[in-house]
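Undergrad: Need coordinates for the following:
(one chain, ligands or ions: 1)
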Amino acid sequence: MNDHRPRRPSRPRGSRPPQRGKTPARPPEQDPARMAALETLRAVRERDAYANLTLPGLLRKRKLDGRDAGLATELAYGTCRATGLLDAVIADCSGRDVSEVDPVTLDVLRMGVYQLLRTRIPDHAAVASTVDIVRGEAGSKLAGFANAVMRRASERDEQEWIDRLAPARDTDPVGHLALRHAHPRWVAQAFADALGDTGDGLAAALAADDARPAVHLAARPGEISNEELAAITGGDEAPYSPYGVHLEAGAGDPGDLEPVREGFAAVQDEGSQLAALAVTKPEVTGSDTRWLDLCAGPGGKAGLLGALITLDGGTLDAVEQSEHRAELIRKVTRDLAVTVHVADGRESGLEPGYDRVLVDAPCTGLGALRRRPEARWRRQPSDVAELAKLQRSLLLSAVGLARSGGVVAYVVCSPHLSETDGVISDVVRRSGAELLDAREAFPGVPDLGDGPTVQLWPHLHGTDAMFCALLRVP
Ligand SMILES: C[S@@+](CC[C@H](N)C(=O)[O-])C[C@H]1O[C@@H](n2cnc3c(N)ncnc32)[C@H](O)[C@@H]1O
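TA: A predicted model of the protein is given here:
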C-alpha cells in the first residue's frame with residue numbers, strides 16, 4: 001500500500017457512518033499486523049525508539065511477512081509521519097487536546113484515523129479494529145470514547161479535514177501546506193526559506209518528503225558495477241550516481257540483500273553518494289593521496305571514498321567521536337586503506353596537510369525526514385543554533401587540516417539556512433577559503449539553481465535534501 005494514492009471519494013453527505021458489527025473486526029490477538037504497528041508506535045513514544053529500527057525486529061519476532069508485513073509497515077510508518085495531521089483531527093473530534101488523551105488510546109486512535117484518511121481500508125474495518133484494540137489495551141470505557149472519535153473522524157475524508165482544519169492557503173500558505181503534508185510548521189518554514197518559495201515549489205517539496213522513499217543502494221567501487229548490482233537486486237540504475245541503484249519502496253529489508261550482507265554494496269541515499277563524490281571532483285595540483293573524513297560514523301561515505309582512494313593507492317583517515325559508531329566504520333571499511341580514529345573532529349590531533357577533506361557534519365537531519373518516519377515531530381527548532389555552532393567549528397577545523405590548494409567539502413543532510421549558507425558564509429569570512437562552484441561537482445544533475453553551493457531536493461532529484469559546499473584552502 002502507498003500513502004499517496006488518489007483521494008477516496010467523499011462519503012455522500014448525510015449518509016450514515018459505518019455500523020459496527022456488519023464486518024466483525026478481528027480481536028487484537030488475531031490482528032498481528034495492527035498489533036506490530038501499535039507496538040512500534042508505543043516504542044517510539046515511550047522510549048524515543050526509531051520506527052524503522054524497531055519494526056523489522058517485530059516483524060521477525062511475530063513471523064509476519066507478505067501482506068501482513070506490508071500492512072504493519074504502512075500503518076506504523078504512515079502513522080508516525082502523519083502524526084500532526086492525525087492529532088489535529090483527533091482533537092477536533094474529541095473536543096480536547098491530544099495531550100489529555102490516554103497515551104495508549106491515542107496511539108491506537110492515530111493508527112485508526114490514519115487508516116480512515118490515507119488508506120483504502122474500509123471505514124467500518126478501521127473503526128471496528130480500532131475500537132477492539134482500545135478495548136483490549138485500555139478497557140471498555142475508553143473503547144466507547146474511541147468509537148465516538150472514530151465515527152466522527154470517518155465523516156470526512158482527508159481533503160475535507162484539511163479544508164476544515166488548515167489555515168487558508170492564501171493568507172497562511174506555509175501553515176496550510178504544513179498541515180496538508182503533515183509537517184511541523186517550523187520545518188515547512190525552513191523548507192520555504194531554502195526554496196525561496198511558499199507556493200507550488202514548497203507544496204511539491206513537502207509532498208515528496210511525505211512519501212515513502214525508494215531504497216537506494218551504492219555499489220562498492222572495484223567490487224561490483226551498479227549495472228551488475230541492479231541486475232542482481234532487480235532494481236534500476238540510479239539517474240545520477242555512477243554507483244547508485246534504486247529499489248522500489250517497501251521492497252523488504254535491504255540489509256538482507258546478499259550484495260549488502262557480503263559488503264559489495266551499501267544502503268545509501270543517492271544524494272549522500274553524490275555529496276561524497278563531490279569532494280573528489282575539483283582538480284588539485286600535486287599530491288592527491290591523503291584524504292580525511294572528519295565526521296565519518298557510521299561509515300556510509302567513508303566506505304565509498306575509502307574504496308576509491310584504495311583503488312588509487314592512497315589512504316583515508318576517518319574520524320568519529322562515538323566509539324560505537326567508529327566500530328561501525330571499521331566494519332564497513334575493513335578491507336580498505338582506511339584508518340579509523342576515535343576523536344573530536346574539532347581537536348583531532350591529526351597531522352595537517354590533507355589533499356581532500358569531507359565534513360559531513362552532525363545536523364538536524366531535516367533533509368532526510370522521509371527516511372525516518374517519526375523524526376519530523378521529534379526535532380525542535382531550538383536544536384538548530386547549537387548544531388550550527390558545532391558545524392562552524394568542525395568546518396574551521398577541516399580547513400586547518402587541509403593543505404594549501406586542497407579541497408574541503410561541507411555536507412549536511414538539511415536545507416535549513418542556519419546549517420547551510422549561514423555556516424558557509426561565516427567560515428569563508430573567517431578562514432579566507434575560496435568558495436568553489438559546487439554545481440560542477442554534480443555532473444548531469446539538473447535544477448541546481450544559481451550556485452555556488454548545491455541543495456538537492458526529494459521533489460527535484462529524488463534524493464534526500466542534502467546540501468554541499470566546496471572550499472579551496474588558501
Ligand atoms: C551526519 S553523521 C555522518 C554520516 C557519515 N558521514 C556517513 O555517511 O555515514 C555525523 C557524525 O558525526 C559524529 N560527530 C558528532 N560530533 C562530532 C565531533 N565533534 N567530532 C567528530 N565526529 C562527530 C556523529 O557521531 C555522527 O556519527
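Undergrad: Going by C-alpha atoms from here, please, whenever you check contacts or count neighbours.
TA: Noted.
Undergrad: L435: what secondary structure?
TA: Secondary structure, DSSP: H, G, I helix; E, B strand; the rest coil: L435 is strand.
Undergrad: For it, list the residues it contacts.
TA: Shown in contact with L435 (C-alpha atoms under 8 Å, 6 or more residues apart in numbering): V428, P452, A469, L470, L471, R472.
Undergrad: Quick check, the second one in contact with E440.
TA: This means P452. No. Applying C-alpha atoms under 8 Å as the test, P452 and E440 come out as separate, 9.1 Å apart.
Undergrad: is it true that C468 lies in a strand?
TA: Yes. Applying three-state DSSP, one finds C468 inside a strand.
Undergrad: What residues does it make contact with?
TA: Contacts of C468 (C-alpha under 8 Å, 6+ apart): A275, A409, Y410, V411, V412, A438, T453, V454, Q455.
Undergrad: what does G303 give?
TA: Here G303 is in contact with R220, I329, V332, T333 (C-alpha under 8 Å, 6+ apart).
Undergrad: okay, now the first one: neighbour count?
TA: The burial metric for R220, expressed as a neighbour count using other C-alpha atoms under 10 Å, is 24.
Undergrad: for the second one, same thing?
TA: Residues lying near I329 (other C-alpha under 10 Å) number 26.
Undergrad: what number of residues lie near the residue nearest to it when sequence neighbours are not counted?
TA: Once flanking residues are discounted, I329 sits nearest to G299: 4.4 Å by C-alpha to C-alpha, 6 or more residues apart in numbering. Residues near G299, counting by other C-alpha under 10 Å, number 26.
Undergrad: Does G299 touch R334 like I think?
TA: No. The pair G299 / R334 is not scored as a contact, 10.9 Å apart, by C-alpha under 8 Å.
Undergrad: re the thing from before, need the contacts of L435 in a markdown table (columns: distance to D68 and pLDDT).
TA: Formatted as a markdown table, the contacts of L435 follow (distance: C-alpha to C-alpha, whole Å; pLDDT from 0 to 100):
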| residue | distance to D68 | pLDDT |
| --- | --- | --- |
| V428 | 53 | 98 |
| P452 | 48 | 98 |
| A469 | 44 | 98 |
| L470 | 46 | 99 |
| L471 | 50 | 98 |
| R472 | 53 | 98 |
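Undergrad: Which residues of the stretch 351-474 of the chain lie near the ligand?
TA: Residues of the stretch 351-474 of the chain lying close to the ligand by C-alpha under 6 Å from any ligand atom are D360, A361, P362.
Undergrad: The residues you listed in helices, which ones?
TA: Within those, no residue falls in helices by DSSP state H.
Undergrad: ok, and the most crowded of those?
TA: D360 (25 neighbours).
Undergrad: Tell me who's in contact with S393.
TA: So S393 contacts R346 (C-alpha under 8 Å, 6+ apart).
Undergrad: Where is the longest strand in the protein?
TA: strand 402-412 (DSSP state E).
Undergrad: how far does that strand sit from the chain's center?
TA: Distance, stretch centre to chain centre, for strand 402-412: 26 Å (C-alpha atoms, centre = their mean, to the nearest Å).
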